[in-house]
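> 3D, please:
(one chain, ligands or ions: 2)
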Amino acid sequence: MKQKPGWVLPDLKEAQKRTANTIDRIDTFTIPEAARMMGRGKTYFISTYGCQANERDSETLAGILDELGFTPNETAEGSDVIIINTCAIRQNAEEKVLGEIGNFKRLYHENKDLIIGVCGCMAQEEGLVETLLTKYPQVRLLFGTHNIQELPSMLYSCMFEGKKVVKIYSKEGEVYENLPVHRFGTFKAWVNIMYGCDKFCTYCIVPYTRGKQRSRKMSEILKEVQQLKDEGYKEITLLGQNVNAYGKDMDNEQDFATLLEEVAKIGIPRVRFTTSHPWDFSEQMIDIIAKYDNIMPFIHLPLQSGDDDVLKLMGRRYTKESYLALYDKIINTIPNVAVSTDIIVGFPNETDEQFEHTLDVVRYCKYDNAFTFIFSARPGTPASRMHDSIDMETKRKRLATLNKTWNDLALEKNKAYIGRTVTVLVDGPSKKDENVYSGYTDTQKLVNFKGENLQAGDFVEVKILDAKTFSLDGVAV
Ligand code: 5AD
Ligand code: SF4
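Residues are numbered from 1 along each chain as shown. Ligands and ions are numbered 1, 2, ... in the order given. Next comes the predicted model:
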């Protein structure tokens, strides 16, 4: 870590030197009695960017703020504390965040007591911390992904000692078990099963911003899931950057297939998980998913590229052939399964032919959904140092071709739903028409449908009448 007067800056090179240190599991988080009054009469607003891990972290931030006596506010305007939980996965994600922080400057000028805090993955980037500290004076609190549990003391320093607080990076191997949580969903919940990532795909910033892989103890996860069931939750999603590697960092090695089975047995109606890496996706996992009706037949299987040479440069540890073999096994074992993916186009020096190999896989797999991106060089990652001969115009054209290809195939797949009756977990009525509801199928298809007197969290049978690329239309039966 680089030492600057007053604070410690994150250092990506340092972060890459993973140690085999044991993981501390800490369950002694407490809020001092006096601090519980800190937020009385004050409100907070949290703005969240990026992946589900950030969504879940924001629920922890909200949980801590509630315990400090703050009240949640619907808007940033009029709030006493604004926290922006940031994403660093691609440059455009960062630009959006910087835009929002810029907009909040006005609120700071109107109220000099306003505390604007920035946390999450951008706070773990060395270059950005300097930028945030020098160019955005309205930011009074800056903390990293490993420092969430220090929020009470950090806020105290900001509020009562008038200090600017910067706290980034503590130790690399901690798991906090008893942090408070304010769940934003009333019938769907996220459950962390592990933190960090040790895969070090060459384009990816996550192993640096979120630290080394740390699995939670199975007993703690099962306790949380049981509690969610007792509270009436209908759907949980097990979260990790790479869930199939669950347990590999623990002494008494546990595996994801066993965890998934134990979670399914608790009996929450819908169990999901994300994200799975094709590399350590075991056959046992596929069998467990097929065996339990409450494990949803939906698998997110990031491809990234369909070309073996590009995959190698990406550090993905599988080939087109082994990916397709896994895909076939999934499709042939799990009835009615849907598969989605992530794809990057324009990796440094990707040729037209290599891009065609990606299209070949897309045509074969006919994904139900795909998240497609142009390669974005992330400072400090190995891919960011590769010379790149491909111009942006070519990359944009490839992205458009890729999107057209998967969209057309997904529409065909959705059309096969027409006439079928599917079970939908209701999210609620649409804003425009109270008799039109939306919700998701077991295969994670968004359904808009006509119905009456339904509540969020109800299960309802819906007959599908029409299909679009990103959704289905139907009527409750
Ligand atoms: N450039 C573009 N896309 C990226 N992703 C991760 N890092 C980058 C990057 N540097 C994509 C991958 C990953 C998804 C979450 O984001 O496809 O699976
Ligand atoms: Fe990034 Fe690869 Fe880890 Fe996914 S598995 S978070 S793409 S390094």
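> rest of the way, CA atoms for contacts and neighbours
Noted.
> what lies in contact with stretch 305-312?
With C-alpha atoms under 8 Å, 6 or more residues apart in numbering as the test, stretch 305-312 has contacts from 304, 317-320, 343-345, 347, 350, 354-355, 357-361.
> so what's the gap between it and the chain middle?
24 Å (C-alpha atoms, centre = their mean, to the nearest Å).
> ditto for stretch 431-448
For stretch 431-448, the distance to the chain centre is 22 Å (C-alpha atoms, centre = their mean).
> what of stretch 276-293?
For stretch 276-293, the distance to the chain centre is 20 Å (C-alpha atoms, centre = their mean).
> could I get it in PDB with only the CA atoms?
Output in PDB follows, covering the C-alpha atoms of stretch 276-293 (Å, rounded to 0.1, in the frame of the first residue of the first chain):
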ATOM      1  CA  SER A 276     -20.800 -19.200 -12.300                       C
ATOM      2  CA  HIS A 277     -17.500 -19.500 -14.100                       C
ATOM      3  CA  PRO A 278     -17.400 -22.200 -16.800                       C
ATOM      4  CA  TRP A 279     -14.000 -23.400 -15.500                       C
ATOM      5  CA  ASP A 280     -15.000 -25.000 -12.200                       C
ATOM      6  CA  PHE A 281     -18.700 -25.900 -13.000                       C
ATOM      7  CA  SER A 282     -18.900 -29.500 -11.700                       C
ATOM      8  CA  GLU A 283     -21.100 -32.200 -13.000                       C
ATOM      9  CA  GLN A 284     -22.400 -32.700  -9.500                       C
ATOM     10  CA  MET A 285     -23.700 -29.100  -9.500                       C
ATOM     11  CA  ILE A 286     -25.600 -29.800 -12.700                       C
ATOM     12  CA  ASP A 287     -27.200 -32.900 -11.100                       C
ATOM     13  CA  ILE A 288     -28.200 -31.000  -8.000                       C
ATOM     14  CA  ILE A 289     -29.800 -28.200 -10.100                       C
ATOM     15  CA  ALA A 290     -31.700 -30.800 -12.000                       C
ATOM     16  CA  LYS A 291     -32.800 -32.700  -8.900                       C
ATOM     17  CA  TYR A 292     -34.500 -29.800  -6.900                       C
ATOM     18  CA  ASP A 293     -37.600 -28.100  -8.200                       C
END
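> does ligand 1 sit close to it?
No: applying C-alpha under 6 Å from any ligand atom, one finds stretch 276-293 out of contact with ligand 1, separated by at least 9.0 Å.
> in that stretch, which residues are buried?
276-279, 281, 285-286, 288-290, 292 (16 or more other C-alpha atoms under 10 Å).
> turn those into JSON lines, columns for distance to Lys329.
Below are these laid out as JSON lines (distance: C-alpha to C-alpha, whole Å):
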{"residue": "Ser276", "distance to Lys329": "15"}
{"residue": "His277", "distance to Lys329": "15"}
{"residue": "Pro278", "distance to Lys329": "12"}
{"residue": "Trp279", "distance to Lys329": "14"}
{"residue": "Phe281", "distance to Lys329": "11"}
{"residue": "Met285", "distance to Lys329": "11"}
{"residue": "Ile286", "distance to Lys329": "8"}
{"residue": "Ile288", "distance to Lys329": "13"}
{"residue": "Ile289", "distance to Lys329": "12"}
{"residue": "Ala290", "distance to Lys329": "11"}
{"residue": "Tyr292", "distance to Lys329": "17"}
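> which two among those residues are spaced furthest apart?
Trp279 and Tyr292 (23.0 Å; C-alpha to C-alpha).
> how about the helices in the stretch 351-477 of the chain?
352-365, 392-415 (DSSP state H, counting those that start in this stretch).
> got the angle for the first one vs helix 392-415?
Between helix 352-365 and helix 392-415, the angle formed by their directions is 10 degrees, by axes from the mean of the first three to the mean of the last three C-alpha atoms, to 10 degrees.
> packing partners for helix 352-365?
Other elements packing on helix 352-365 under the criterion 3 or more C-alpha pairs under 8 Å, 6 or more residues apart in numbering; DSSP states H and E are helix 320-333, helix 392-415.
> give me the residues contacting the shortest one.
If I follow you right, that is helix 320-333. 278, 286-287, 290, 303, 306-308, 337, 361, 365.
> where does this structure dip in pLDDT?
1-12, 16, 19-21, 170-172 (pLDDT under 70).
> so which of the helices and strands packed on helix 352-365 is nearest ligand 1?
Smallest distance to ligand 1 across those (C-alpha to the nearest ligand atom): 11.5 Å, for helix 392-415.
> surely Gln213 touches Val206?
No: here Gln213 does not reach Val206: they are 10.7 Å apart, not a contact under C-alpha atoms under 8 Å.
> of those two, which one has the most company?
Gln213 (27 against 22; other C-alpha atoms under 10 Å).
> contacting residues around the more buried one?
194-198, 249.
> do that again at 6 Å, thanks
Each residue near Gln213 by C-alpha atoms under 6 Å, 6 or more residues apart in numbering is listed here: 195-198.
> sort out for me which of those residues are in strands.
Tyr195 (DSSP state E).
> tell me the one of the contacts of Gln213 nearest Val129?
Nearest member of the contacts of Gln213 to Val129, counting by C-alpha to C-alpha, is Gly196, at 20.2 Å.
> just give me the neighbour total for that closest one.
Gly196, neighbours per other C-alpha under 10 Å, totals 22.
> now do the one 3 residues further on
Lys199 has 19 neighbours, counted by other C-alpha under 10 Å.
> quick check: nearest residue in space to it, chain neighbours excluded?
Spatially, and ignoring its direct neighbours in sequence, Lys199 is nearest to Pro207 (7.2 Å; C-alpha to C-alpha, 6 or more residues apart in numbering).
> ok, is the strand or helix carrying that neighbour in contact with ligand 1 or not?
Assigned by DSSP states H and E, Pro207 falls within helix 206-209. No: Helix 206-209 is not in contact with ligand 1 by C-alpha under 6 Å from any ligand atom; minimum separation 7.8 Å.
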